[in-house]
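A.B. asks: Predicted model follows, preceded by the sequence.
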Amino acid sequence: MPSDVVRVIYRKFDGGIHRDYPARRLAEDDLGVWVGVTEGTESVYHGRPSVEQIPFVLLVPHHAWWTCMFNPPPRTSEVYCDIAAPARWESDHTVHLVDLDLDVVRRRNTGLVELLDEDEFAEHRARWGYPDDLVTEAQAASRWLYGALGDGTEPFATAYRKWLALVV
């Protein structure tokens, strides 16, 4: 694997594969590691083989309970954050994430911020026995992101655009 390629692996809490794709390491800063995915990248999406139709940039924070995708048009979500357990880096080339169902999204045309998949979170919490501390962290992260995506907090306002420009 080339030195600037990072394999991004999302699993669900039960260990099932959710997403898996190669990305190019763009930068690392005080927020986390920025990686880019170009159009045509072969991937796994919801456990099935896929090809990325629209490029994006992913921010993997150093110690947060979320990751965030920044998307160009025509994707309707400008910013799409997955609530996830803090990243576990196997090496500089592989990052493991546990997707915890909840998503916080900002719509491109309206700026509307939405919290998605609360029903899936509740279902998986019951089925897989999410620990109470995990539930607390996931819900706190979703509340924080809901505010941050709506109030101009960086990097969600404009700071991500310089990284997105490298993959579109």
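C.D. replies: Good, I have the coordinates.
A.B. asks: all strands of this protein, in order?
C.D. replies: 5-11, 17-28, 32-37, 42-45, 48-51, 56-61, 66-70, 77-84, 88-91, 94-107, 113-116 (DSSP state E).
A.B. asks: Distance to A148 added to the ones you listed, as a markdown table?
C.D. replies: Every C-beta, even on glycine, is put in place using the N, C-alpha and C of the backbone. Converted to a markdown table, the strands of the chain look like this (distance: least, CB to CB, whole Å):
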| stretch | distance to A148 |
| --- | --- |
| strand 5-11 | 21 |
| strand 17-28 | 20 |
| strand 32-37 | 14 |
| strand 42-45 | 26 |
| strand 48-51 | 29 |
| strand 56-61 | 12 |
| strand 66-70 | 10 |
| strand 77-84 | 9 |
| strand 88-91 | 23 |
| strand 94-107 | 9 |
| strand 113-116 | 9 |
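A.B. asks: Pass me the low-pLDDT residue ranges in the chain, would you?
C.D. replies: Applying pLDDT under 70 to the chain picks out residues 1-2.
A.B. asks: what packs against the longest helix seen in it?
C.D. replies: When the chain is parsed with DSSP state H, its longest helix is helix 132-150. If you count contacts as 3 or more CB pairs under 8 Å, 6 or more residues apart in numbering; DSSP states H and E, helix 132-150 packs onto strand 66-70, strand 77-84, strand 94-107, strand 113-116.
A.B. asks: coming back round to it: in TSV: the strands of the chain, plus distance to R161 and mean neighbour count.
C.D. replies: Shown next, in TSV, are those (distance: least, CB to CB, whole Å; neighbours: other CB atoms under 10 Å):
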stretch	distance to R161	mean neighbour count
strand 5-11	21	18
strand 17-28	12	17
strand 32-37	12	22
strand 42-45	23	14
strand 48-51	25	11
strand 56-61	9	24
strand 66-70	8	24
strand 77-84	10	24
strand 88-91	26	11
strand 94-107	14	21
strand 113-116	18	16
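A.B. asks: that older thread, of the helices and strands packed on helix 132-150, give the one that comes closest to G15.
C.D. replies: strand 94-107 (9.0 Å; CB to CB).
A.B. asks: Thanks a lot, see you next time.
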